[in-house]
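Engineer: sequence? don't have it. structure:
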């Protein structure tokens, strides 16, 4: 039975991937991509990787899907012809197909003869888990044992937001949203926003002992911000350039600040004392949750008629 479920998921996954690549409508391609992300989340669950499944469902399918739909609307607003995918007869398509097949073949050859690990990393993580400040091994790896990697990931997110600002300021065709009044939607959003916020904070807190953490919590928080914006409930934070950019670097700055505190005790950077590791990780995750949510929301916000673009207009 399990093999049948796995085979069905693989077939659906390959089918959605093919449809998203070969369909001639960009709108249908985006829809297939969102479905692909949801099915991929189920695949990660089948592989006993719930942390990756949460991130895939929230970021890969949710936030990325919203960004793609918004980019598609922007493309339609700035073009006189409906957007279509490239024709299959064009040389660039076959070049991309052959290149992709070559990469897949090389990866298959690379993993065909797996090397035996020199060190049992899972055993090392289990042995040092009690000193990490958390009880969930994934969180311990991301924010203690391999915290440099997470720090660089956050820096990449900040860089992506800065690139989005640069592209937005150079855009000559801003999209102006017109919001339809919907009192029922406004009332429901105001009613359920505290619940969405509690879900985000629960994912943050649960990450210390079970699947969850800053990235998943930040994605849920970003979804709440996007809903607020879509119904026309703009906040002063989103209208202020200083608050907008300050929210991007808040998590990264807090990460560096907390990681630098062990230097006062003569310890290396990002080496937390065992007795205070849990507090340090909680502070870092709280800052990352707010910043990740704000960065993901900003990427959506910058594709709209934002104050950053309005300042450059005559």
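Structural biologist: Arrived safely, thanks for sending. Since we're looking at a predicted model, the values are computed, not measured.

Engineer: residues in contact with the residue nearest the centre of the chain?
Structural biologist: Geometric centre of the chain, nearest residue: residue 59, 3.9 Å, by CA atoms, centre = their mean. Residues counted as contacts of residue 59 (CB atoms under 8 Å, 6 or more residues apart in numbering) are 215, 219, 296. (Glycine included, C-beta is placed from N, CA and C.)

Engineer: Specify which member of these is nearest to residue 265.
Structural biologist: Distance to residue 265, by CB to CB, is smallest for residue 215 among the contacts of residue 59, at 28.9 Å.

Engineer: residues contacting that closest one?
Structural biologist: 55, 58-59, 288, 292.

Engineer: Let's have the residues you listed in a markdown table, adding secondary structure and pLDDT.
Structural biologist: Converted to a markdown table, the contacts of residue 215 look like this (DSSP: H, G, I helix; E, B strand; the rest coil; pLDDT from 0 to 100):
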| residue | secondary structure | pLDDT |
| --- | --- | --- |
| 55 | helix | 79 |
| 58 | helix | 76 |
| 59 | helix | 76 |
| 288 | helix | 90 |
| 292 | helix | 88 |
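
Engineer: From the residues you listed, list the buried ones, please.
Structural biologist: Among the contacts of residue 215, those buried by neighbour count (16 or more other CB atoms under 10 Å) are 55, 58-59, 288, 292.

Engineer: got JSON lines for those residues, with distance to residue 124 too?
Structural biologist: Below are those laid out as JSON lines (distance: CB to CB, whole Å):
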{"residue": "55", "distance to residue 124": "24"}
{"residue": "58", "distance to residue 124": "30"}
{"residue": "59", "distance to residue 124": "29"}
{"residue": "288", "distance to residue 124": "25"}
{"residue": "292", "distance to residue 124": "28"}
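
Engineer: returning to that earlier point: take the contacts of residue 59 and keep only those in helices.
Structural biologist: In helices, judged by DSSP state H, the following of the contacts of residue 59 are found: 215, 219, 296.

Engineer: Closest one to residue 270 out of those residues, please.
Structural biologist: Once CB to CB is applied, the member of the ones in helices among the contacts of residue 59 that ends up nearest residue 270 is residue 215, at 18.0 Å.

Engineer: For residue 260, see how far away the residue nearest to residue 64 when sequence neighbours are not counted is.
Structural biologist: Nearest non-adjacent residue to residue 64, counting by CB to CB, 6 or more residues apart in numbering: residue 37, 7.0 Å away. According to CB to CB, to the nearest Å, residue 37 stands 37 Å off from residue 260.
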